[in-house]
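**Q** I'd like to go over a predicted model; first the sequence, then the structure.
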Amino acid sequence: GAGVSQSPSNKVTEKGKDVELRCDPISGHTALYWYRQSLGQGLEFLIYFQGNSAPDKSGLPSDRFSAERTGGSVSTLTIQRTQQEDSAVYLCASSLETGSGNTIYFGEGSWLTVV
Amino acid sequence: AQSVTQPDIHITVSEGASLELRCNYSYGATPYLFWYVQSPGQGLQLLLKYFSGDTLVQGIKGFEAEFKRSQSSFNLRKPSVHWSDAAEYFCAVVPSGGSYIPTFGRGTSLIVHP
């Protein structure tokens, strides 16, 4: 597609359930990011993938959060045993090779509500 | 510690008035600087970016921003605001060396009165 695609766009889940959020970056983009945006808050960095390098997981808030990127393209963010404080918009972004100031493009986000 | 500050949580302007949104950063060296806009229920759209060179940067939708090294600032401006500019605005910085991970400010919510 022309832009970063995320699915589902909206997800309501019960506390304690696992959820998977998917991101399909722009074709050819080697860098992929996940951010979390809570109500009234800025963007909180979660995880960063760059090519075949080991991902930077320094932003993941707990071991309930994990992410994979298969084949250098599609990424899945998994939240296990969801809690109410996990309710937020999860934004995915991608860019060309990093290090030279390339623009980072965002998807429209996956809105997660934990009830 | 490295940080990005947007001191104004909300700004209210009248349609047709000028606008300035503030952004200050704290980094060891001049970072890459970005402004993004987020309309309700939408993702983030890039307005403009500064990497080097001319410190006055033109962006989309009539926005511009000026990088001031002495003040560690990258303020966003628009001479005449339209009602459709009502949105959330985020300043972001990326270190010019090391890991290319943007840090975002908390955002400024722009309200436009008719």
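**A** That came through fine.
**Q** so how far is A:Asp24 from A:Ile104?
**A** Distance from A:Ile104 to A:Asp24, counting by CB to CB, to the nearest Å: 16 Å. To be clear about C-beta, it is placed using only N, CA and C from the backbone, and glycine gets the same treatment.
**Q** what's the helix or strand for the most centrally placed residue in chain A?
**A** What sits nearest the mean C-alpha location of chain A, by CA atoms, centre = their mean, is A:Trp34, with 3.1 Å. Counting by DSSP states H and E, the element that carries A:Trp34 is strand A:31-37.
**Q** Please apply the same query to B:Ala17.
**A** Counting by DSSP H and E, B:Ala17 is found in no helix or strand.
**Q** Could you give the number of residues near the closest residue to chain A within chain B?
**A** Residue of chain B nearest chain A, by CB to the nearest CB: B:Tyr100 (3.4 Å). Using other CB atoms under 10 Å in any protein chain shown, B:Tyr100 has 22 other residues around it.
**Q** Only C-alpha atoms, please: export the helix or strand that contains B:Phe74 in PDB.
**A** Secondary structure assigned from DSSP H and E places B:Phe74 in strand B:73-78. Extracted in PDB, the C-alpha atoms of strand B:73-78 (Å, rounded to 0.1, in the frame of the first residue of the first chain):
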ATOM      1  CA  SER B  73      14.100  26.000  20.100                       C
ATOM      2  CA  PHE B  74      12.100  25.000  17.000                       C
ATOM      3  CA  ASN B  75       8.900  27.000  17.100                       C
ATOM      4  CA  LEU B  76       6.100  26.400  14.600                       C
ATOM      5  CA  ARG B  77       4.300  29.400  13.100                       C
ATOM      6  CA  LYS B  78       1.500  30.100  10.800                       C
END
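**Q** I'd like to know which elements it is packed against.
**A** Here strand B:73-78 touches strand B:19-21, strand B:24-26, strand B:32-38, strand B:44-50, strand B:64-68, strand B:87-94, going by 3 or more CB pairs under 8 Å, 6 or more residues apart in numbering or on different chains; DSSP states H and E.
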